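>>> What follows is a protein structure lacking sequence information:
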């Protein structure tokens, strides 16, 4: 059975664009800064462009990328189009699950009332717009909460393991950061694809990592990765601090390293320096040392939705909040971390 066999039927009672409110409640900020810059406000309901839809948001989720967009750090991020002096988009949030309530003039894939999941602009709000090529229909047996918790982190894990990592059944895979948003999906997806997974996480999360499918779970505070005593065909290092020499030391002679994200670097480029060094070193060694930026596309959201529908994966949800609690939840993630994902319930998510 494919995802299209489990689509939510069109809700003929969905409101027409003329019935939509002019204003909505959203978690907004007008400057870069810490979580104190975020407050609840009333802003205009966005209008979808030609290839966009307007979604009445049921749920969204918080990940590490939200922190970077909130702070505007590293500074390189601002030059990538998010606003140099102040954020172009005052509403944070990308993960989305909800109901289509308006469509652009060139949209033929979705209709009013369709239940969708994917990537939106400004999802910490009652309404958000999304490009049609970043949305899929939400399977009927997947809750809005689970759908919202999955997209950004899930498609990053899919690409890290498949497009970039080229994982194969029987391979030994090391996931560093296995209890976080991307890591918790990476453990499950690698296991579903037939790999034998070792997950690295904090002591409090080791049982959760095993429950996700890891054969072994390692406490990063007590055991360095080069003390694990094994080598791996694929290492997925998520927002890690390990130097390249240590990561290479746990790879097989022709193994692959995939660096996901870049944390703990300087204010200008963040951790991208290690990513660049890995790419350059890969030119002169037999091991593949790679890093990438996740692509937001239905090419990856669709298979993710299918894995959710057949229960190959289930999001690890470590916290729940509503729009009023978004700032506190982001601050907690930034300062202490969160197991799995933090879900934001907005419109009666189920």
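Done, it's in. Predicted model only: the values in this text are computed from it and were never measured. Numbering: from 1, shown residues only.
>>> A helix includes residue 43, no?
No. Per DSSP: H, G, I helix; E, B strand; the rest coil, residue 43 lies outside any helix segment and is strand.
>>> Please name the spatially closest residue to it (chain neighbours excluded).
Using Cβ to Cβ, 6 or more residues apart in numbering and skipping the chain neighbours, the partner closest in space to residue 43 is residue 26 (5.2 Å). Quick note: C-beta positions are derived from backbone N, CA and C, even for glycine.
>>> residues near that neighbour, how many?
28 (other Cβ atoms under 10 Å).
>>> what secondary structure does it sit in?
strand.
>>> How about it: which residues does it bridge to?
Taking DSSP bridges as the rule, residue 26 bridges to residue 41, residue 125.
>>> I'd say it and residue 38 touch.
No. Using Cβ atoms under 8 Å, residue 26 makes no contact with residue 38, being 10.0 Å away.
>>> Just list the residues touching the nearest residue to residue 36 once chain neighbours are set aside, thanks.
The shortest distance from residue 36 to any non-neighbouring residue, by Cβ to Cβ, 6+ apart, is to residue 327 (7.2 Å). Taking Cβ atoms under 8 Å, 6 or more residues apart in numbering, we find residue 327 in contact with 27, 35-36, 38-39.
>>> Please pick the buried ones from those.
27, 35, 38 (16 or more other Cβ atoms under 10 Å).
>>> So the last one versus residue 296, what's the distance?
Put plainly, it is residue 38. 23 Å (Cβ to Cβ, to the nearest Å).
>>> Can you report how many residues lie near the nearest residue to residue 316 once chain neighbours are set aside?
Distances taken as Cβ to Cβ, 6+ apart put residue 340 closest to residue 316, at 3.0 Å, once the chain neighbours are dropped. Neighbour count for residue 340, taken as other Cβ under 10 Å: 23.
>>> Just list the residues touching residue 340, thanks.
Residue 340 neighbours (Cβ under 8 Å, 6+ apart): 149, 179-181, 184, 208, 315-318.
>>> what's the closest of those residues to residue 282?
residue 180 (24.9 Å; Cβ to Cβ).
>>> which residue packs closest to that closest one, ignoring adjacent ones?
In space, residue 180 is closest to residue 238, 6.2 Å off (Cβ to Cβ, 6+ apart).
>>> Show me the domain layout of the protein.
3-150+316-345, 152-292 (automatic domain parsing).
>>> can I get those in TSV with distance to residue 310 and mean pLDDT?
Converted to TSV, the domains of the chain look like this (distance: least, Cβ to Cβ, whole Å; pLDDT from 0 to 100):
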stretch	distance to residue 310	mean pLDDT
domain 3-150+316-345	9	86
domain 152-292	9	91
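>>> Contacts for the helix or strand encompassing residue 233, please.
Following DSSP states H and E, one finds residue 233 within strand 232-238. Strand 232-238 is contacted from outside by 160-161, 165-168, 171-177, 180, 182-183, 186, 190, 195, 198, 247, 250-252, 255-261, using Cβ under 8 Å, 6+ apart.
>>> Partner strands of that strand, with direction?
Going by DSSP bridges, the partners of strand 232-238 are strand 172-176 (parallel), strand 251-260 (parallel).
>>> can you give me how far it is from the chain middle?
Going by Cα atoms, centre = their mean, to the nearest Å, the spacing between the C-alpha centre of strand 232-238 and its chain's C-alpha centre is 18 Å.
>>> so what's residue 296 up against?
Counting by Cβ under 8 Å, 6+ apart, residue 296 has contacts 94, 119, 134, 152, 155.
>>> I misspoke; the intended subject was residue 177.
183, 200-201, 237-240, 260.
>>> which one of these is nearest residue 230?
After measuring the contacts of residue 177 against residue 230 - Cβ to Cβ - the closest member comes out as residue 200, at 11.9 Å.
>>> Tell me if that closest one really is in a strand.
Yes. Under three-state DSSP, residue 200 falls within a strand.
>>> isn't it right up against residue 180?
No. Residue 200 is not in contact with residue 180 according to Cβ under 8 Å; the separation is 10.6 Å.
>>> Please name the nearest non-neighbouring residue to residue 172.
residue 232 (4.7 Å).
>>> mind listing the helices in the stretch 101-250 of the chain by residue range?
144-148, 151-158, 181-192, 206-211, 244-249 (DSSP state H, counting those that start in this stretch).
>>> mind checking which of the ones you listed is nearest residue 90?
Closest among those, using Cβ to Cβ: helix 151-158, at 19.4 Å.
>>> Which other helices and strands does that closest one contact?
Under the contact criterion of 3 or more Cβ pairs under 8 Å, 6 or more residues apart in numbering; DSSP states H and E, helix 151-158 touches strand 95-103, strand 115-119, helix 181-192, helix 298-309.
>>> what's the closest of those to residue 323?
strand 95-103 (13.5 Å).
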